[in-house]
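K.L.:
Predicted model and sequence follow; I will ask about them next.
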Amino acid sequence: MGKCVICGENAGMRKKAHPACQNRVKGAEREIMRLCLKAALRGEGLDDLPKRVRAAASRANIPMNSRQLHDKLSEGWGKALQEALSDDYLSDSEVAGLNKYRSVLNLSERELNRSRNFDLFRSALILSSLHNGVIPRYALSRSRLPFNLMKSEEMIQVFEEVEYVKEVTRRHYKGSSMGVSVRVAKGVYIRPGSFEGRTIEQVGMELQDTGTLGLTTKHLYYTGENTGRSFRVKLEKIVAFNSYKDGLRIMRDTASAKPEVFVMRPNEAWFLINAVYAVLDLEKTTLPAKDAPTVDELVGNGEEYDGEAIGHIGGFHSLGG
């Protein structure tokens, strides 16, 4: 007889857990996430949230030591962030709640970023700043950037391991002969048919390189790791944007332009297209002062957000899949 991995009692032949025990665990997991969402987004029960989570876990025989509790609270913060962004909109109160949650529960950036949720949170705050006409100061010094920026622009974000894909046309010649050879004398033949040839063109998207993509207030920069090819594209010279779940497709304003695609992680693609739109919507580009705080400085210390340091987020442009 097999033992139930949840309650420890006999579960029956070739069974690892009782169906009833499994249902209790699923119910407890849902209850824990509900408690975390209410605490992060509405501030309800935040002070005694760890106690409530432990109680819900105990009722379903779910192990919950200190490490497991921290992991579950971190998971709940990520769920709350996703819930807040489900309408492509992050309000000041939602930002304040998420920051207070991680501050009160002493959750580190590393813990919250195991599923890249903290990167997503930081991206949302950058968009908040841009939508309010404020350009945040980039965290890294210019000497550490792989691009040579103009003095009149500010780096907004850098993306690693981005695939650069471009439309290419391959041409080859295809020919064929028709008819049979007829012998008219020794060693002399004629072919009544004819030779016909034509050029075949094949158009497709091909991977050009993998490298680093940077977005500034004026350009898209790219440098490849394999070919070493580097280029920049002025945002105002891009005539069309097409967003995908995992990338951005652009068309430059040139007669010979062909589609170019930057392939990246879904959250990064979401941020890139929204940041491009936000930059293009800026009525005036005023670069941040040298002593202006970076977004990392504003959110990295876990202090409670007061809704004024970065401002209010406007509607995000949804990728829609």
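P.N.:
It's in.

K.L.:
got the domain boundaries for the chain?
P.N.:
Domain assignment for the chain by automatic domain parsing gives 2-119, 142-287.

K.L.:
Now do the contacts for G27.
P.N.:
A60 (CB atoms under 8 Å, 6 or more residues apart in numbering). (C-beta placed from N, C-alpha, C; glycine too.)

K.L.:
ah, wrong one, I meant R265
P.N.:
R116, D246 are the contacts of R265 under CB under 8 Å, 6+ apart.

K.L.:
give me the low-pLDDT residue ranges for the stretch 101-250 of the chain?
P.N.:
140-143, 171-184, 187-203 (pLDDT under 70).

K.L.:
what about the helices in it?
P.N.:
In the stretch 101-250 of the chain, the helices defined using DSSP state H, counting those that start in this stretch lie at 109-112, 117-131.

K.L.:
For my notes, please list those helices in a markdown table and give distance to T286 and mean neighbour count for each entry.
P.N.:
Listed next are those as a markdown table, based on distance: least, CB to CB, whole Å; neighbours: other CB atoms under 10 Å:
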| stretch | distance to T286 | mean neighbour count |
| --- | --- | --- |
| helix 109-112 | 29 | 17 |
| helix 117-131 | 12 | 22 |
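
K.L.:
Any chance of those in TSV with distance to Q82 as columns?
P.N.:
Formatted as TSV, those follow (distance: least, CB to CB, whole Å):
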stretch	distance to Q82
helix 109-112	12
helix 117-131	8
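
K.L.:
what's the closest of these to L37?
P.N.:
helix 117-131 (13.7 Å; CB to CB).

K.L.:
C-alpha coordinates for stretch 267-278, PDB please?
P.N.:
Extracted as PDB, the C-alpha positions of stretch 267-278 are listed here (Å, rounded to 0.1, in the frame of the first residue of the first chain):
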ATOM      1  CA  ASN A 267       8.200  41.100 -20.600                       C
ATOM      2  CA  GLU A 268      11.000  42.900 -22.300                       C
ATOM      3  CA  ALA A 269       9.100  43.100 -25.600                       C
ATOM      4  CA  TRP A 270       6.100  44.500 -23.800                       C
ATOM      5  CA  PHE A 271       8.200  47.100 -22.100                       C
ATOM      6  CA  LEU A 272      10.100  48.100 -25.300                       C
ATOM      7  CA  ILE A 273       7.100  48.900 -27.500                       C
ATOM      8  CA  ASN A 274       5.400  50.800 -24.600                       C
ATOM      9  CA  ALA A 275       8.600  52.800 -23.900                       C
ATOM     10  CA  VAL A 276       9.100  53.600 -27.600                       C
ATOM     11  CA  TYR A 277       5.500  55.000 -27.800                       C
ATOM     12  CA  ALA A 278       6.100  56.900 -24.600                       C
END
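
K.L.:
who's in contact with it?
P.N.:
Taking CB under 8 Å, 6+ apart as the rule, stretch 267-278 contacts 116, 119-120, 123, 126-127, 130-131, 156-157, 159, 213, 215, 220, 235, 241, 243-248, 262, 264, 316-317, 319.

K.L.:
that older thread, nearest to L98, out of the helices of the stretch 101-250 of the chain?
P.N.:
Nearest to L98, of these and by CB to CB, is helix 117-131 at 6.7 Å.

K.L.:
For stretch 17-28, what is the distance to the chain centroid?
P.N.:
34 Å (CA atoms, centre = their mean, to the nearest Å).

K.L.:
for the record, mean pLDDT for that stretch?
P.N.:
Confidence over stretch 17-28 (mean pLDDT, whole number) is 84.

K.L.:
Could you check which helix or strand contains the residue nearest to the spatial centre of the chain?
P.N.:
When CA atoms, centre = their mean is applied to the chain, the residue found nearest the centroid is N267 (1.7 Å). In this assignment (DSSP states H and E), N267 forms part of helix 266-280.

K.L.:
In that helix, which residues are buried?
P.N.:
Across helix 266-280, burial judged by 16 or more other CB atoms under 10 Å covers 267-279.

K.L.:
Pull the contacting residues for V295.
P.N.:
Contacts of V295 by CB under 8 Å, 6+ apart are R122, L125, I126, S129, P136, A139, I310.

K.L.:
okay, the residue nearest to the centre of the chain: pLDDT?
P.N.:
At N267, pLDDT is 88.

K.L.:
ditto for the one 5 residues further on
P.N.:
What the model reports as pLDDT for L272 is 94.

K.L.:
Please tell me how far it sits from R110.
P.N.:
24 Å (CB to CB, to the nearest Å).
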